[in-house]
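Using only what follows, build the 3D model:
(4 chains, ligands or ions: 4)
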Amino acid sequence: MLRYALTRLLSLSLSLIAASIAIFAAIEVIPGDPAAYMLGLNAAPETVAALRDELGLSGSVWARYLDWASGLATGDFGISYTYRVPVADLVAQRLAVSLPLAAYALALSTAIALPVGLWAAARRGRGADLGIMAATQLGIAVPNFWFAMLLVLVFAVKLRWVSAGGFPGWEAGLGPGIKALTLPAVALALPQAAILARVMRSALIETLGQDYIRSARAKGLSRAQALRRHAFRNALIPVLTILGLQFSFLLAGAIIIENVFFLPGLGRLIFQAITQRDLIVVESVVMLLVFAVILVTFLVDLAYAAVDPRLRRR
Amino acid sequence: APPDAITLGMVLEPPNLDPTSGAAAATDEVVYANVFEGLTRFAPDGTVVPGLAASWETNETATVYTFHLREGVRFHDGTAMEADDVVFSLDRARGPDSTNAQKALFDGIDSIAATDPLTVTVTLARPDGAFPFKMAWGDAVIVAPETAGTAATAPVGTGPFRFDRWVHGDRVELVRNPDYWGPAPALARATFKFIPDPNAAYAAMMAGDVDAFPNFPAPETLPQFEADPRFKVIVGTTEGETILAINNRRPPLDGIRVREAIAHAIDRQDVIDGAMFGYGTPIGTHFAPHHPDYVDLTGLSRHDLKKARALLAEAGQTDLKLRLALPPPSYARRGGEIVAAELRAAGIETEITNLEWAQWLDQVFKRNDFDLTIVSHTEPMDIGIYARPDYYFGYGKPDFVALMDRLAGATAPDERSEILKAAQRMIAEDHVNVYLFQLAKTGVANARIEGLWENAPTQANDLTAVRWAD
Amino acid sequence: MSARPTLIAGGVLSGTVLALAALSLVWVPHDVTALNIAERLRPPGGPHPLGTDHLGRDMLSMLMVGARSSIAVALVAVGIGMGAGVPLGLMAAAGRGGWLDEIVMRMNDLIFAFPALVIAILITAILGPSALNAILAIGIFNIPVFARVTRGAALSLWTLDYIRAAELAGKGRARISAEHVLPNIANLLIVQATIQFSLGILAEAGLSYVGLGAQPPTPSWGRMLAEAQTMIYTAPRLAILPGLAIVLTVLGLNLLGDGLRDALDPRLRRAAR
Amino acid sequence: MILLRDLGLSLHGRPVLNGVSLEIGRGEILGLAGESGSGKSMTALAIMGLLPEGAELRGHLRLNGLDLLSLSDRQMCAIRGRDLGMIFQEPMTALNPVQRIGDQVAETLIVHGEATRAEARRAAARLLHRVGLPPERFPPTRYPHELSGGQRQRVCIAMAIALRPQLLIADEPTTALDVTTQARILDLLKGLVAETGMGLLLITHDLAVISGVADRLAVMRRGEIVEEGPAAAVLAARKHPYTRALVAASAHRPATPPPLPGPPLLEVREARRSYPAAHSGLFRRLPPHRAVDGVSFGIARGESLGLVGESGCGKSTLARAVLGLDPLQGGEIRLDGEVVRAGAAMPARLRRKMNAVFQDPYGSFNPRHRVARLIAEPFHLDGRPSDADDRIDAALEAVGLDPKDRDRFIHEFSGGQRQRIAIARALIARPDLIVLDEAVSALDVRVRAQILDLLADLRARFGLSYLFISHDLSVVRSSTERVLVMQAGRIVEEGATEKVLHNPAHAYTKALLSAAPKLKEPD
Ligand SMILES: Nc1ncnc2c1ncn2[C@@H]1O[C@H](COP(=O)(O)OP(=O)(O)OP(=O)(O)O)[C@@H](O)[C@H]1O
Ligand SMILES: Nc1ncnc2c1ncn2[C@@H]1O[C@H](COP(=O)(O)OP(=O)(O)OP(=O)(O)O)[C@@H](O)[C@H]1O
Ligand SMILES: [Mg+2]
Ligand SMILES: [Mg+2]
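Ligands and ions are numbered 1, 2, ... in the order given. You can find the predicted model right below:
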């Protein structure tokens, strides 16, 4: 087990190193210069050069890579070129929005999808099932930014129940914070819920065909009892896999939704940092995301083991 | 009582809050006249009026300026603003390590001296009648030596509002400065909220999340606001000459006939209607139409397909293929599509490439690797760029340079006016670029808000006079 | 659930879109590169059955040509994903448990670990926005998907006795993969391809929406949607039509995938009979 | 007690059962025999009310006079598990893999409201002990995957008998298990019947099993009961021709030609192969598991050598090594004097001399290829010969199929026919040695007899050698000259088949033999 953990750790750090090189290389070849961007149309070349020096952009590629990578390893993410504040602070600010948003959306989609999937599986082939499946197909097919726009139109512009976007900050209190994240979370969650419900349903149907369900029925369990007590847990593995993927997606992939709701999230930070060539922010945030994804994968693996005892050894 | 707080919408977030380093218009839109002040300042109508200098005088030849500072001005950290700070600020801006984006403003300065705590004398190398105008720019604001280094994140100025906090990616908040030297502003608190998505901007306005959006990004929705009594639409002028820039270095674009053909191929009104939904004023040269010295030269490049084709045939360019590089703003992206279609009608094929700003700066602006591009030049009174042969469109004709040199030395209003008119005519006749339209300032605000600038002589959201009506 | 209605509905929907896209290669009602500012924002009717857009172009023609770019991007991206992912998956399965398998799978994990949209933005920042780069960005993320699906299915095939028999006949791993493994997982791959295809169309729309996809004057559904979004209040048709086109196409492809899966799955086929 | 009268069943419109009538009393064991697909399992599921979707059931089904067919599903739920218990055909998959065995047993009690959770737990532990899983060695907290097939079958039994049902249905409770485990399970069932007085419906296609256990026997064929009566009498009299055919087939012995003189064809010396062991606990790693541990033997030309031993003793591992599919970690294998090595290192010349027939007649063919292509696969090594087509036809004929079958797909053949095609494929390149790894275990008795005949015939005609692997002693007895007995990776006994199986020297062989059910020959 220790050896397993060690090899796992080694492959994890190798992945991270590979990722850091890939990111750094990609960013090196991006045309455009943060200093030129910041100084605009009228700046003289010497001014740009002066700013480049000030930002520490004039060293050799290797020196800069090592500088950055060793900084990362010690938890020092560097200073943003444009904002001039520590990247770690920026990221922490954004995570305070993105992380709760992702968790909120995930919780919503799970809370919708699991019962719906269960319900549809129990009524497989009947009208209710067909209706639900048609609805999920539609949920997957609708582009989420389109759906988000619609939500804003109805709930913010027409009904004025919530504001059209923005985030007051957690210091304004838990209630306003959650209220501000509700529409974006719904916009993110519904397509995900549609996918999850389908996965849940087909996993359940798969397990319902297993011999042990028949064993359970032979003991005198009703159809519904067998579904709840035996099929559900066995169907969780594919559901967990999808949940893991969805969390990673939600954390960084919400850029478009963040745009529609003008939320100060991680996705927009990257987007903006790329346009402004705030490269150190891009590098560090992408690294952080890669790390988060690897971590989530690891957690999902742990969750597998919690669900399925057959996976506990190894 | 009427509310004393306001939330303003802005499309772009400033990268930092130091106007003396970096060119971002968004920085000035937050801090100009609110947090930082210069010796002089722009009034809403574009004239230059006293700022921290209550008055100034100049010698006969316009080479020595003496500024008399106001009394009792304090920085937000409580320290007094005196002549030393002015000397420091101007020296810092023109020094060798300066990262001031408009360093050229200070080029003419020979020396600066603090005669006494409230008097500053600036000696210029050459006569410059426009020096007070230059000192009104956001890049020339006065900062204190102790706090200049941290202005990017914690700006300390002398203005009517103090910086309160900045939630990155979301908003900047300012609060009233109780120790302001001038009349106290009506507002106690102002929030600048950053909303890049035009649709989100619309929704935020409609939902009442934002009280005013001085540069509203979706002109197509303005009729909606006009029809709604809750809002008022403010349409004004800006200093933004929007041009189809032509790389004058590159054959066959170095030939005046080809450039003229391009100019005749384009229907300005189509571009204004299609890209800006009718907001914008056609221009025929690189000059703001609201300026008293403006000459209407649009006749020189009237939409005339036949003429365009004839000129091309004359130049032997019957199957011309050009690249059109477009930066992100919608005037460029939408306008570019229209321009491309109109050029095609005249027999010029164009290939559109959309670029981010950083790419545009690198490829078009720095390496001059382009044929055509669309961009808006938002600096006030910037016809001087045509005198720079190394500037991206590469004009710099000696006659024009001579004209500009004369302008720098001229102090008499009549003479200046005459030179400016000649310059306008010269670049229009040479068809250096295609002059499309003057960008309009289209703002939306809650109908009860008063005192917002109608026009934009510089990029600013001056809040000193803004108030809620009862 | 019977496979038939799903299959037919999916086939008809995606077939119509494909046919319209194909038709646009030879004929469209109006030229989509010719602008007519005077004719802008015309309501449906007359020469323009679906009206005109904010630059006076015919909406129907725009939608037809837009289908072409959406489909082309998604199709080529799926092609890239399959072209690279399937061989990788086959190789990994053939060398199961070995170093090759390990390397291929770790590389896959790494690609998965990068947030897709961010990489798309980065690629665009490096190479400039174009349909080609959208294809590249979407294609790269299809590779691990196909590699995983292929490897998973191939692994279970490798335990079967007919693979043993082929080994006994002296066939090498590559040959066995091509001859015995690939044909037997083809169904699965086809189904996955329809799913990825529909995801590709959504991704193209998303990328175009943030300005990274097909470039003007080539119309694309995503860009039409993005450009029309602020006009949703004045001319809702402009935003609704491309949105509807995306929804219907994706829906059609998903239904097709579902139907194919049911039709090709021998277990379900038997039950349906 | 349970009474079936004129039970008819169709699945999706296809008739499966036809006028089935049966009766089981208290304390009685009824054996239900018949070849694969005859409808045995469907009869059982009909009684339980757990028929698959699309089933239509007619006739009468009474439990102590109560008409089961008129009950709602809710009412049936109350009866299932309480009055009717069932053990399913496949023990490996009959248990929920993510639930502890104790909880699965306890669930029967809890669902019927017979016990609180804690009581049910205690009762489950007692039940598991009773079926031979003492809590000291097999705590109820174990998960199914931590048990062997036989042990899992015991858990299923515990589940089924928890509430002392009046009728227990055991559907092929031992087919998946090796002989020793099989014997223990059958003893357990017999004991339970004697002890609790329940009725037992024992379904199997193995007449030998029935002859040892059942009081009465019903023989089923194509959904009908063709013969029924006291087990001993039915087996002795064999009135119905089908019964006769079944019995004859299970006792079938093909003629065995003698081996050819000369040097041995295959020599295996000190072969060793181990698999890395699972981790146990946090840091400890168990020593590697030795699947084949120093095995030596030889096969002469024309000889058929048997290899027996219980499940998991290493037979297949050894076979794969012989075939050059898996590498050895020690020792040596020589075929015709040349060393066999796994992987690409194996020369074509050598590869051609061997082939194999595997257990699963369906899984050994690519479902997408036609028979001609499937059979011709071994030609790959030398390129397709010019007379390939003729040889394909000849091979098909040799295994008793029609050359016209060459254009059909594998799913169009029955299990027996498929196994013949596998043999045709093994033969076509004229190998010297064929390894038969459980090649007949999946087939029902009648088809099995045909295949054994065919193999013997081919051996006589072409002078082939066989390595014949099986855990079924009767098959080995009837078709090999010599036999190896394998236990935990080692050969524990070796000798002439007759001698070893009649007069075993090693204790393990004795145990194997005594566990194997035998069908008594009538005088
Ligand atoms: N789910 C099902 N759907 C349709 N037909 C089925 C199904 N299950 C079994 N059958 C068919 O019903 C018939 C009887 O099957 P049954 O399982 O009762 O056979 P069996 O006698 O138990 O055979 P075996 O010894 O192989 O278990 C067979 O022809 C089989 O193909
Ligand atoms: N790939 C493997 N990894 C680890 N252990 C294995 C592997 N394959 C087989 N074993 C173990 O090696 C032992 C011998 O397996 P083998 O398949 O040779 O048994 P067998 O005698 O053929 O049994 P059966 O009659 O059930 O087919 C078993 O204990 C099995 O669990
Ligand atoms: Mg059966
Ligand atoms: Mg085996």
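
For burial, what's the neighbour tally of the one residue in chain A that gets nearest to chain D?
For chain A, the residue positioned closest to chain D under C-beta to the nearest C-beta is A:G220, at a distance of 3.2 Å. Yep, even glycine has a C-beta here, placed from its N, CA and C like the rest. Here the count is done by other C-beta atoms under 10 Å in any protein chain shown, and A:G220 has 22 residues near it.

do D:G8 as well
16.

What is the neighbour count of the residue in the stretch 101-250 of chain A that ligand 2 sits nearest to?
In the stretch 101-250 of chain A, no residue comes nearer to ligand 2 than A:D211, which is 19.2 Å away by C-beta to the nearest ligand atom. Taking other C-beta under 10 Å as the criterion, the count of residues near A:D211 is 16.

so it makes contact with D:A94?
Yes. A:D211 is within contact range of D:A94, at 4.8 Å (criterion: C-beta atoms under 8 Å).

list the residues that contact both of those two?
Overlap between the neighbourhoods of A:D211 and D:A94 consists of D:F88, taking contacts as C-beta atoms under 8 Å, 6 or more residues apart in numbering or on different chains.

What parts of chain D come near ligand 2?
Counting by C-beta under 6 Å from any ligand atom, the residues of chain D close to ligand 2 are D:Y275, D:H289, D:A291, D:G309, D:S311, D:G312, D:C313, D:G314, D:K315, D:S316, D:T317, D:H471.

Identify, from the residues you listed, the entry nearest to D:D387.
In terms of C-beta to C-beta, no member of these lies closer to D:D387 than D:S316, at 34.8 Å.

Please read off the pLDDT at that closest one from the model.
At D:S316, the pLDDT value in this model is 87.

so what's the backbone phi/psi at the residue nearest to it when sequence neighbours are not counted?
Once flanking residues are discounted, D:S316 sits nearest to D:D437: 5.7 Å by C-beta to C-beta, 6 or more residues apart in numbering or on different chains. Reported as degrees, to the nearest 10, the phi and psi values for D:D437 are phi -100, psi 100.

ditto for B:H377
Per degrees, to the nearest 10, the residue geometry at B:H377, taken as phi and psi, is phi -90, psi 100.

how close does the residue of the stretch 101-250 of chain A closest to ligand 2 get to chain B?
To chain B, A:D211 is 54 Å away according to C-beta to the nearest C-beta, to the nearest Å.

Next, count neighbours for the closest residue to D:P403 other than its chain neighbours.
With C-beta to C-beta, 6+ apart as the criterion, D:P403 has its nearest non-adjacent residue at 3.9 Å, and that residue is D:D393. Counted by other C-beta under 10 Å, the residues lying close to D:D393 total 19.

in what helix or strand does D:D393 lie?
helix D:388-398 (DSSP states H and E).

Mind giving me the packing neighbours of that helix?
helix D:371-375, helix D:415-428 (3 or more C-beta pairs under 8 Å, 6 or more residues apart in numbering or on different chains; DSSP states H and E).

So for chain A, which of those sits nearest?
The closest of these to chain A is helix D:415-428. By C-beta to the nearest C-beta, the value is 21.1 Å.

The closest one and ligand 1 in contact?
No. In this structure, helix D:415-428 remains apart from ligand 1 according to C-beta under 6 Å from any ligand atom; the gap is never smaller than 9.5 Å.

For that helix, name the packing helices and strands.
Taking 3+ C-beta pairs under 8 Å, 6+ apart as the contact cut, helix D:415-428 packs with strand D:354-357, helix D:371-375, helix D:388-398, strand D:433-437, helix D:445-462.

Could you tell me the least trusted of those?
Taking the average pLDDT of each of the helices and strands packed on helix D:415-428, the minimum falls on helix D:445-462, with a mean of 83.

what's that one in contact with?
Applying C-beta under 8 Å, 6+ apart, the set of residues contacting helix D:445-462 from outside is D:35, D:205-207, D:245-246, D:248-250, D:252, D:254-257, D:302, D:304, D:398-400, D:414-416, D:419-420, D:423, D:427, D:430, D:436, D:439-440, D:443, D:464-466, D:475, D:478-479.

before we move on, what about stretch D:405-424?
Contacting residues not belonging to stretch D:405-424 are listed as C:165, D:36, D:357-358, D:361-362, D:364-372, D:374-375, D:392-393, D:395-396, D:398-401, D:434, D:439-440, D:442-444, D:447, D:450-451, D:454-455, D:458 [C-beta under 8 Å, 6+ apart].

and if we set it to 6 Å?
D:357, D:361, D:364-365, D:367, D:370-372, D:375, D:395-396, D:399, D:401, D:443, D:447, D:451 (C-beta atoms under 6 Å, 6 or more residues apart in numbering or on different chains).

Alongside chain A, which residues does chain D contribute?
D:48, D:50, D:77, D:80-81, D:86, D:88, D:90, D:93-98, D:108, D:111-112, D:143, D:145, D:278-279, D:282-283 (C-beta under 6 Å from any C-beta of the partner chain).

what about residue 74, neighbour count?
In the absence of a named chain, chain A is used. A:T74 has 7 neighbours, counted by other C-beta under 10 Å.

was after chain C, sorry
Number of residues near C:A74 (other C-beta under 10 Å) recorded here: 28.

Can you give me the distance of it to C:L207?
Going from C:A74 to C:L207 by C-beta to C-beta, to the nearest Å gives 11 Å.

Count the residues that sit near B:G159.
For B:G159, the neighbour count with other C-beta under 10 Å is 28.

Now that it has come up, it's in contact with B:V35, right?
Yes. Taking C-beta atoms under 6 Å as the contact criterion, B:G159 and B:V35 are neighbours in contact, 4.6 Å apart.
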